[in-house]
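Visitor: Here's a sequence, model it:
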Amino acid sequence: MFRRLISVRNAVAGLLIATASSAQATPSLLVDAGSLQVLRSKDAGRAWYPASTTKLMTAFVAFEQLRAGRIALQHDIAFSRQALARESVQSGLAPGSVMSLEDALYAMLAVSANEAAAAIAETLAGNEADFVAMMNDAARRLGMTGTHFVNPDGLFDRRQVTTARDLALLGVAIDRSFPEYLRFFDRSEVSIDGRLLKSSDEVIRRFPGAIGLKTGFVCASGRNLVSLAVRGERRLVAVVLGATTEKERSERIAQLLQFGFEKPDAGNRPALRTLQNQKASKPEDLRTRLCGPQAAAYERRQRKLYPMGHAGQASFLGALTAPKTWKIRTRSASVVTSSSSPSPAPRPSALRAQ
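Guide: Predicted structure coming up:
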């Protein structure tokens, strides 16, 4: 009987260790954007909640519409009551406020303004549902087989999922297809009518060559980041999902990028598209560990796993550089002149990518 109890206890202990190990392991991926070779990969096909990395696809769809001539950067984006009713609204705007699409893209990508993502979706497609259909169509065309979008901003929805593999595909697609729009990703702060909002992406100011792409955080996902960095002829896309703190997220991304720039090309490496998404996997919900009573203990455990940048440990980040600011001035829809008034949103069917 005693031996049986010991056996059961050991089995339970083993299960707890395995569970803890699984909880600590979060997806990451490093890709050479030129060759599409995978340089580092861990659980790259594992389902995960995208949070605000979703806005990369919102931007991609907008870029496609710009390229097709269906909208212009100076087109007016009006902020509806519905757009401003989003969670985590940052701009402080009143319903009826107007800014250009160019400004809205900076607000959405630099400081993750959810209301800007919603307003862009409403303007480009007439309503959010039709815009989300455009996002999912683009994901299908890019081969993002583990991704499904439900909204344009990344607010939590159990049905909205992605993988590190798919986000790398999206990052590479933006870099290759729309180099003229990479400027939207490298700003570290945005001023909206004098109100200064700062990016949570530390990498763009502390890693030489970083252009940035998109951060993301909801309690369920942890801290996500997709980064693009360029040195000479080498272009790298790195993805980290589920980091515990912003420091961990930044250090892990910087470590991946540094490895990619220092590691010489050697041998055959798998191609990004050959990575398989784990279609049967379910996203891990980190809410209790990151935003509940267990948060402090979980953070301590993760710090042991990722000690970079903490006291006594080397950092992969450099000195903080000067911020790059984009200034936005809005106006009220009631004072929009006839020459600058918003044109009717094109019919959703006309905007769908063919």
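Visitor: Helices of the stretch 1-150 of the chain, start to end?
Guide: In the stretch 1-150 of the chain, the helices defined using DSSP state H, counting those that start in this stretch lie at 2-24, 55-67, 81-84, 101-110, 114-125, 128-142.
Visitor: how about those, which one is nearest Phe149?
Guide: helix 128-142 (4.4 Å; Cβ to Cβ). Where C-beta positions appear, they are placed from N, C-alpha and C, glycine not excepted.
Visitor: buried stuff in the helix or strand just after the closest one?
Guide: Downstream of helix 128-142, the next assigned helix or strand under DSSP states H and E is helix 164-177. Along helix 164-177, these residues count as buried under the neighbour rule (16 or more other Cβ atoms under 10 Å): 164-175.
Visitor: And helix 164-177, how far out from the chain middle?
Guide: Counting by Cα atoms, centre = their mean, to the nearest Å, helix 164-177 is centred 11 Å from the centre of its parent chain.
Visitor: just checking, what packs against it?
Guide: strand 28-32, helix 55-67, helix 128-142, strand 222-231, strand 234-243 (3 or more Cβ pairs under 8 Å, 6 or more residues apart in numbering; DSSP states H and E).
Visitor: Can you say which of the ones you listed is packed in most?
Guide: Of all the helices and strands packed on helix 164-177, strand 234-243 has the most neighbours on average by mean count of other Cβ atoms under 10 Å, namely a mean of 26.
Visitor: Need the residues that contact it.
Guide: Residues outside strand 234-243 that contact it (Cβ atoms under 8 Å, 6 or more residues apart in numbering) are 26-34, 39, 44, 48, 164, 167-168, 171-172, 175, 213, 221-230, 249, 252-253, 256-257, 260-261, 284, 286, 306.
Visitor: State the pLDDT value of the nearest residue to Val61 once chain neighbours are set aside.
Guide: Residue nearest to Val61 in three dimensions, not counting chain neighbours: Met134, with 5.1 Å by Cβ to Cβ, 6 or more residues apart in numbering. If you check Met134, the pLDDT there is 99.
Visitor: Met134 is in contact with Phe63, isn't it?
Guide: No: assessed by Cβ atoms under 8 Å, Met134 is found out of contact with Phe63, at 12.0 Å.
Visitor: now the helices of the stretch 1-150 of the chain as JSON lines including distance to Val203?
Guide: What follows is the helices of the stretch 1-150 of the chain, written out as JSON lines (distance: least, Cβ to Cβ, whole Å):
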{"stretch": "helix 2-24", "distance to Val203": "22"}
{"stretch": "helix 55-67", "distance to Val203": "15"}
{"stretch": "helix 81-84", "distance to Val203": "29"}
{"stretch": "helix 101-110", "distance to Val203": "13"}
{"stretch": "helix 114-125", "distance to Val203": "21"}
{"stretch": "helix 128-142", "distance to Val203": "24"}
